[in-house]
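*Asks:* sharing a model prediction with you, sequence too.
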Amino acid sequence: MSKRAKQKEPASGDAARKPESIARKAYSSIAAIVAGMVARKAVEKAWVKATGKKPPKDPESPAVHWIEAVGWSVASGTTVAVARLLATRKAAGAWQRVSADGKQVSAEPPTRAERRPGAS
């Protein structure tokens, strides 16, 4: 039996949720992009304040001292990645609250027993 034959046909509710899923992903993506841009500006200002110099435009360049290149890469990469993660999580939570169709949605993550299939 092929893999396609084993897959279940999507329920009619799944087809209706596809536009919602696309909108949710777009919302999360926009939040992550904006958070990344804001974090980048913030880390640039912090870099200037801490070092007294502008951040390197091209950390891969041999003209940039390796300590400065590594420091900038760690500072900017970590800051932007964490900001994007937090924004994406916050956007997902906000989307879940607004799209709950009037149902009460718990802010608490499900317990281990609730996540197991067949748990009652």
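*Replies:* Cool, got the structure.
*Asks:* okay, helices next: where are they in this protein?
*Replies:* Here the chain has its helices, by DSSP state H, at 3-6, 12-51, 66-98, 112-115.
*Asks:* a markdown table please, covering those and showing distance to residue 60, mean pLDDT and mean neighbour count.
*Replies:* All C-beta atoms are positioned from the backbone trio N, CA, C, and that covers glycine. Conversion of these to a markdown table gives the following (distance: least, C-beta to C-beta, whole Å; pLDDT from 0 to 100; neighbours: other C-beta atoms under 10 Å):
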| stretch | distance to residue 60 | mean pLDDT | mean neighbour count |
| --- | --- | --- | --- |
| helix 3-6 | 43 | 53 | 6 |
| helix 12-51 | 17 | 86 | 13 |
| helix 66-98 | 7 | 92 | 15 |
| helix 112-115 | 43 | 65 | 9 |
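*Asks:* for residue 57, find the nearest of those helices.
*Replies:* Closest to residue 57 of these, according to C-beta to C-beta: helix 66-98, at 9.8 Å.
*Asks:* got the angle for that closest one vs helix 12-51?
*Replies:* Relative orientation of helix 66-98 versus helix 12-51 (axes from the mean of the first three to the mean of the last three C-alpha atoms, to 10 degrees): 150 degrees.
*Asks:* what is helix 66-98 packed up against?
*Replies:* Helix 66-98 sits against helix 12-51, with contacts defined as 3 or more C-beta pairs under 8 Å, 6 or more residues apart in numbering; DSSP states H and E.
*Asks:* including distance to residue 58, could the helices of the chain go into TSV?
*Replies:* Shown next, in TSV, are those (distance: least, C-beta to C-beta, whole Å):
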stretch	distance to residue 58
helix 3-6	46
helix 12-51	15
helix 66-98	9
helix 112-115	46
